[in-house]
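**Q** how would this look folded up:
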Amino acid sequence: MNFRIFPQGPFLEANWFSITDSATLVPSEFIEKLNQLPPSAARASELNIDPHYAVHLHAHYKEEAIGIIDSVAASLAGTDFYITYSDSSVSDALTSYCEANDLHAKFNRLEFIAVPNQGRNVTPLFRLTKGILQKYSWALHLHTKKSPHFDEGNDWSKHMIASLVDNMHGAHALISQFADNPRLGLVMPTPCRGIRPWLGWGSNLSLAKSLALKLSPPIVISETLPLVFPAGMMFWFRPFIFSNLSHVFLNLNISEPEPLLQDGTSLHAVERLLTFVCESRGFGWAFVAPSRDAVALASPYKWWQQFFRPLKVLEPCPLKYKFVITSKNLSQFANNFKKLPCQFFAKAKRYLASLVAKFEASP
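**A** Residues are numbered from 1 along each chain as shown. Next comes the predicted model:
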């Protein structure tokens, strides 16, 4: 079963991390909207909710964790709530906060679990996915995210939280979608515009391919297929789908010292594998957006769109695709465009034409 087939239309973007890299095909904002869960259908069935779900929060930053705990208490009262931590001072502060605000009464189960300070939120997630989460039909994974290398990092985190657990009505509607759609395996936030230049393979392709081949059954990753992944690593999911991935990843015992690189680590690689794993098990994925415009991000993405449209550099590519070239290293791109615009545009046209041909020839 192949879920990565897109209908004809302006649905793909080509994302370059740098001028020397190959491009990654990613869904456009248009196709993300097409693949969003229908809120009206979700509301109509929200009373048919299986209560057998759980929430996992990996709490590294105390202040952010308190805000997420409040959101879960307001939106998903009665859930089983597991909070992992690696710093006892964070656990002590959160325990005191929950006791002072009588939050234990909000949940069916509230448990704090100590984990090693390794693998950020990914390793704790996979530890629980391989173990305690297997008894649940579906689960929500959240974490306290800071991105100091990214100007809109805090807004990115707010966008994901607002998408996944913004209010009781929206959260219950999401749960009902899993109950109504037995082949739905993963629901992830739509990427906010500020992170679109990061939606690519970057330096993670070889790591992801190597990890995918260790799965049972192995998955062969093709870079000619559009890349779809939960950027930021927060999502609703069916835990049993990712049990084998969790087992393989934990058995590798990868230890990457902090501070982690911004790209090219096992954590970045496994993040990009999740939809492939979901599809390989016969399940589909979907996007979800905030119920309201909770966060408005200023982004270089639109600037590049405006820059490329009058140039018409991608005319040789089929009109059924819209290609927007984005980059996380805008200053490097700007300098290279000034020096070698003709050479780059020619390379871009040739590469995209070959990429489209490979994509259309894919089974």
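**Q** Is residue 250 in a helix, a strand, or coil?
**A** Look at residue 250: counting by DSSP: H, G, I helix; E, B strand; the rest coil, its state is helix.
**Q** That one reaches residue 127, doesn't it?
**A** Yes. The criterion here is CB atoms under 8 Å, and residue 250 meets it with residue 127 at 6.8 Å. C-beta coordinates here come from the backbone N, C-alpha and C atoms, glycine included.
**Q** more crowded one of these two?
**A** residue 127 (20 against 16; other CB atoms under 10 Å).
**Q** Report all helices and strands that the one helix or strand that one maps to contacts.
**A** In this assignment (DSSP states H and E), residue 127 forms part of helix 122-130. When contacts are defined as 3 or more CB pairs under 8 Å, 6 or more residues apart in numbering; DSSP states H and E, helix 122-130 sits against strand 53-58, strand 80-85, strand 138-143, helix 243-252, helix 266-271.
**Q** again, 10 Å this time
**A** Under the contact criterion of 3 or more CB pairs under 10 Å, 6 or more residues apart in numbering; DSSP states H and E, helix 122-130 touches strand 53-58, strand 80-85, strand 109-114, strand 138-143, strand 235-237, helix 243-252, helix 266-271.
**Q** ok now do the residue lying closest to residue 233 once chain neighbours are set aside, which residues does it touch?
**A** Among residues not flanking residue 233 along the chain, residue 271 sits closest, at 5.3 Å (CB to CB, 6 or more residues apart in numbering). When contacts are counted by CB atoms under 10 Å, 6 or more residues apart in numbering, residue 271 touches 122, 204, 208, 229, 230, 231, 232, 233, 265.
**Q** show me where pLDDT drops low in the stretch 201-350 of the chain?
**A** Where the stretch 201-350 of the chain drops to pLDDT under 70, the residues are 255, 257-258, 260-261, 291-350.
**Q** Can you show me the strands along it?
**A** Under the criterion DSSP state E, counting those that start in this stretch, the stretch 201-350 of the chain contains strands at 235-237, 284-288.
**Q** Pick the most deeply packed of those strands.
**A** Across these, the average number of neighbours (mean count of other CB atoms under 10 Å) peaks for strand 235-237, which reaches a mean of 25.
**Q** which residues are common contacts for residue 250 and residue 127?
**A** Between them, residue 250 and residue 127 share the contacting residues residue 119, judged by CB under 10 Å, 6+ apart.
**Q** Leaving out chain neighbours, which residue sits closest to residue 111?
**A** residue 82 (5.3 Å).
**Q** wait, isn't that neighbour in contact with residue 58?
**A** Yes. With contact defined as CB atoms under 10 Å, residue 82 reaches residue 58; the gap is 9.4 Å.
**Q** All the helices of the stretch 101-250 of the chain, in order from the start?
**A** Along the stretch 101-250 of the chain, the stretches classed as helices by DSSP state H, counting those that start in this stretch are 122-130, 153-165, 168-180, 205-213, 243-252.
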